[in-house]
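please find the sequence and the predicted model below.
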Amino acid sequence: MKKSYIIALAVVAIAIAAIMSTVSDSSTYASFAIADEHPNKEFHVVGKLNKEKPQDYHPEVNANLFAFYMTDNEGKECKVLLNKTKPQDFDRSEQIVIIGKMAGEEFHASDVLMKCPSKYNNPKEDIKATTNGN
Amino acid sequence: MDTTIQYIGEELFWGKLGNMLIILAFTSALFSSFSYIFALRTGEDSWRKIARKSFLVHTISIIGIFGVIMSLIVRHRFEYFFIWEHSNKVMPMRYILSCMWEGQEGSFLLWMFWNTVLSWVVIYKSREWESGVMINVSLVQSFLGSMLLGVVIFNHKIGNNPFILLREAPDFANLPFVQMPDYLSKLADGRGLNPLLQNYWMTIHPPTLFLGFASTVVPFAFAMAGLMRKKYTEWIEVALPYTFFSVMILGTGILMGAAWAYEALSFGGFWAWDPVENASLVPWMTLVGAAHVMLIYKARKHSLLSAYLLSIATFILVLYSTFLTRSGILGDTSVHAFTDLGMTGHLVFYILFFLALAAWFLVKNRKSIIIQHEDEKLSSREFWMFIGSLVLLIGCIQITITTSIPVINKLFGLKMAPPVDAIDHYNRWQVPVAIIICLLIGIGQFFKYKQSDSITVRKRLLIPFSLSILVTVGCAFILKVYPPQYYALFFASVFAFIANMDYMFRILKGKISFSGASIAHAGIALILLGALISNSKKQVISQNMKMVDLGKDFPNNENIMVEQRTDTLPMGEYWVVYKGKELVGVNTLYTIEYYNLNRSTGIKEKQFELKPIIQINARMGNVAEPATKHFLSKDIYTHLTYYVPEDKEGASGDWQAPKTHTVSVGDTFMLSNSMVIVQGLNKNIDKNALQLTDADIAVGAQLLIEDINKNTYNAEPLFIIHDMQVYSKEALVDTLGVKFSFGKIDPATGKLDLAVAEKKANKKEFIIMKAIIFPGINILWMGCILMILGSFIAIRQRIKSATTKPVS
């Protein structure tokens, strides 16, 4: 067999390995209910911050622990412990994605991504700020 | 919409001129492309002349559009949406160009501008190839130009027009505001350039990166021209200098982005495998592969198919990267992707069109470009170069697959999310790729094309090889515990650097003009070495020591609270003091002083101070910008991860200014540390105890306060009318540092006003910061300079040899 065929085969094999590694390393977007069924697996949970419930951040005790309540897209609410500082502008967030796993009644998140309404474009809000009077 | 409104003060002429130029730019590019097709088919020079003139019109139109937008920005013509959206009056004028590329329209324009510049270089320097190359470039220009059209065809909007008026913009068209004839006089200012982009890197990084993206069209167009003209092989030599130029510029652009991220962004490093970063890295890697197989073809007349595939793939991947970053598909997986402007379909069509065009020509000419040849020998340079290109390709495949997760989800309706530890996922693949690449970079030049004398090669490689072993073993004592793959990369990159330096000084006898490749390769080696050392040995010194161990789910203790005070907090080898903050423009600067302990005197001596920034940014949310102290051997990076926004006015004594909540019975509302439930109104107040008469009124608001640990407290502030005067009796919850007063009750709605004050102690002046030491990061920056310099020397040498060659 020619060297070029061997090489081509090797490339195909490695490409398949790359796909498999992506699939096995990838996380899943899920709800709290599904995360609850698989307590040792890490998930991305999309939802909204429950602004009616208290948040807890005591940097003088632990700057790397922030607790809040989140409601996922299926409407289930869960207390979330985030192993990070409280994100700035957290209360303005429109949607949040938490990354982590369920531990009993709580969700232990290693990271959070926020989508803020004004983050990119909100011209209707901005026009008010740039006009005089009305 | 009411079209009879006569608006006051608008300058409509410029918009009409701009629109005319856009249409002209689009049609002239299309016309130019077709004329070049005729020129190629008929071989008639008249067609070529027409095509070239048409392209000149196109070029002038592009410059004209640029000029019109610039003039509108300078004159603050906010009746134009683009101007209002991206500029304002207070913005420093040196950032005016950044306004152009903040918007998608402007960045497409910048891309088109660079394409025209490159085209004229090709037209004048490689006349022979003008028609073939320009058919493709003009076609690309037509597509890019259509992105600016903003016309609606069959209910489908094509492109985004930069000259759309504010009052016609979809967001505003039906607002009462724009129905006022004098709306413009009420429009005091533009929305302004995003302060994040008001950074010197942002004035040079996008133009460089876009020149890099634009320049990938040249090897693509040459490859296509080779197929169209059936001059299957001749294009390679002509295209080589352009290809290496593209490698250099795109590489520089990517590295500038890394430098910007390191200096001004908050993710704590220069590379985070962010999808947008990946999207620019992948085409660069295939481009490097393309350039190297083109060298193989030039020397040995084989690997032609690879040269075609990689040149074409690079351009298609640039289009794909544009699609990823601009269609909005990355959504929540990337921090700096553009939002969806409804261009998804357009961009997909764009990619598929060029993919189909290239595929059709490749398949049609397959017999001529697949060259059967005997296998390369293991002792030939081309064999190792080819292996290197393949390894790069494998790296690309892996990055592309993971980066494309959102696309895969969309195509197959899956719900995959990016890996939880993305950096680890990518590194597991890319570290081995980097190791192999470094080894190949090290040995490559010592082999000759076709066949080398293995004994000579071995002899020559002995010195750099043993020297690298020595360096690695020596450094092992400093590096200490280290995973084996990192030792391997350390050795490989040191070897690549030493071998290339050795080749340059010993074999090339230090002749700079021939050493371009050696210098560039040594640069790449240093970039990888610097990246390895600074990332793997980075040390987070802001460890939170007093933290309670919360188990393995909460390993992160990298952020530390620093209160504003005079005593110092130990942090690594330093002691840190937070001195205070000052407001400069839109930025709040937090002064952090670093002290060292002088062991002989026992006194802490101030070493330096850093001023990380919080930018008050209404559009992006407040943004933290790190501050970094640069030393020769390391950087100290300091970044605020949490801070308390400015106090409101009206605070007195121990208490912050009260906040009023208008609520009904049954409502709940939030305080900084707890939740308040309005349970009811108590009308049975013991008036005697309060020394009130029966004619007076006293109502209590029954409040239940619950903190996050579910501890509950009761409070009952009173609303009192005594002798026709309104009073409030406060209720204090000492443990939470909160007091309530009941100021008003609306008999009609039953709503009450509760004023809540919280203790200032609930809000101490402090910051939470993260400090990281990056050792050896200067090795990386030095590598960048070497890589750029080396590429430049190599390109100059290639142009020289190409121009002198026809004689021989």
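Yes, it's here. Numbering: from 1, shown residues only, chains lettered A, B, ... in the order given.

domain parsing for chain B?
B:1-193, B:201-418, B:447-537+B:776-808, B:560-644+B:765-775, B:659-759 (automatic domain parsing).

just name the most buried of these.
For the domains of chain B, average neighbour numbers computed from mean count of other CB atoms under 10 Å in any protein chain shown are highest in domain B:201-418, which has a mean of 20. The C-beta positions use only the backbone N, C-alpha and C, and glycine is treated the same way.

can you give me the end-to-end span of that one?
29 Å (CA to CA, to the nearest Å).

so what's the closest residue to A:Ser93 other than its chain neighbours up against?
Distance criterion CB to CB, 6 or more residues apart in numbering or on different chains; nearest residue to A:Ser93, sequence neighbours excluded, is A:Met114 at 4.1 Å. The neighbours of A:Met114, taking CB atoms under 8 Å, 6 or more residues apart in numbering or on different chains as the test, are A:Pro87, A:Asp89, A:Phe90, A:Ser93, A:Gln95, A:Ile96, A:Val97.

so the last one, which state does it fall into?
Classification of A:Val97 using DSSP: H, G, I helix; E, B strand; the rest coil returns strand.

can you pull the contacts of it?
A:His44, A:Val45, A:Val46, A:Val112, A:Leu113, A:Met114, B:Asp332.

any idea which helix or strand carries the residue nearest to A:Ser93?
Here A:Met114, judged by DSSP states H and E, is contained in strand A:106-115.

render the CA-only coordinates of that strand in CSV, please.
Extracted C-alpha coordinates of strand A:106-115, given in CSV (Å, rounded to 0.1, in the frame of the first residue of the first chain):
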residue,chain,number,x,y,z
GLU,A,106,-29.4,22.9,45.0
PHE,A,107,-27.6,23.4,41.7
HIS,A,108,-23.9,23.9,42.0
ALA,A,109,-22.7,26.1,39.2
SER,A,110,-19.2,26.7,38.1
ASP,A,111,-20.0,29.4,35.7
VAL,A,112,-22.8,31.6,34.6
LEU,A,113,-23.4,33.4,31.3
MET,A,114,-25.8,36.4,31.2
LYS,A,115,-27.7,38.0,28.4
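
mind checking how far it is from the chain centre?
5 Å (CA atoms, centre = their mean, to the nearest Å).

same thing with stretch B:60-76?
26 Å.

pairing partners for the strand holding A:Met114, with directions?
strand A:77-82 (parallel), strand A:95-103 (antiparallel) (DSSP bridges).

if I pick B:Phe66, what's in contact with it?
B:Phe66 neighbours (CB under 8 Å, 6+ apart): B:Met100, B:Leu109, B:Phe113.

quick one: it and chain A, what's the gap?
To chain A, B:Phe66 is 24 Å away according to CB to the nearest CB, to the nearest Å.

can you give me how far whatever helix or strand that residue lives in is from the chain middle?
In this structure, B:Phe66 is located in helix B:45-74 according to DSSP H and E. Averaged C-alpha coordinates place helix B:45-74 at 30 Å from its chain's average position (CA atoms, centre = their mean).

average model confidence for it?
Mean per-residue pLDDT for helix B:45-74: 95.

residues in contact with the helix or strand following that helix?
Next along the chain after helix B:45-74, taking DSSP H and E as the criterion, comes helix B:81-86. Residues outside helix B:81-86 that contact it (CB under 8 Å, 6+ apart) are A:123, A:130, B:69, B:72-73, B:76-78, B:99-100, B:102-103, B:105-106, B:162-166, B:168-169, B:172, B:187, B:190-193.

so what's the residue nearest to B:Ser664 when sequence neighbours are not counted up against?
Nearest residue to B:Ser664, sequence neighbours excluded (CB to CB, 6+ apart): B:Lys751, at 5.4 Å. By CB under 8 Å, 6+ apart, the contact list for B:Lys751 reads B:Thr662, B:Val663, B:Ser664, B:Ile745.

B:Lys751 and B:Gly666, how far apart?
Remark: distance between B:Lys751 and B:Gly666 (CB to CB, to the nearest Å) = 11 Å.

now the closest residue to B:Glu44 other than its chain neighbours: how far from B:Arg52?
In space, B:Glu44 comes closest to B:Phe38 once its chain neighbours are excluded; the distance is 7.4 Å by CB to CB, 6+ apart. Using CB to CB, B:Phe38 is found at 13 Å from B:Arg52.

name the element the closest residue to B:Ile777 other than its chain neighbours belongs to?
Leaving aside its chain neighbours, B:Ile777 sits nearest to B:Ser534 (4.2 Å; criterion: CB to CB, 6+ apart). Secondary structure assignment for B:Ser534, by DSSP H and E: helix B:516-536.

who are the packing partners of the following helix or strand past that helix?
Counting by DSSP H and E, the next helix or strand C-terminal to helix B:516-536 is strand B:539-540. Where contact means 3 or more CB pairs under 8 Å, 6 or more residues apart in numbering or on different chains; DSSP states H and E, strand B:539-540 is packed against strand B:766-775.

partners of the strand it packs on, with directions?
strand B:539-540 (antiparallel), strand B:560-563 (antiparallel), strand B:634-643 (antiparallel).

what's in contact with the last one?
In this case it means strand B:634-643. In contact with strand B:634-643 (CB under 8 Å, 6+ apart) are residues A:59, A:63, A:84-86, A:88, B:266, B:268, B:534, B:559, B:590, B:592, B:594, B:610, B:612, B:614, B:624, B:626-629, B:767-777.

is B:Ile785 in a helix, a strand, or coil?
helix.

helix or strand: which one has the residue lying closest to B:Val540 once chain neighbours are set aside?
Distances taken as CB to CB, 6+ apart place B:Glu558 nearest to B:Val540, at 4.6 Å, with adjacent residues excluded. Following DSSP H and E, there is no helix or strand that holds B:Glu558.

now do the contacts for B:Glu558.
Counting by CB under 8 Å, 6+ apart, B:Glu558 has contacts A:Asn64, B:Val540, B:Ser542, B:Gln543, B:Asn544, B:Lys770.

cool, and A:Asp56?
So A:Asp56 contacts A:Phe66, A:Ala67, A:Phe68, B:Asn673, B:Asp707, B:Ile708, B:Asn709 (CB under 8 Å, 6+ apart).

in helices, which of the residues you listed appear?
Assigned to helices by DSSP state H, none of those qualify.

having no further points to raise, I will conclude here.
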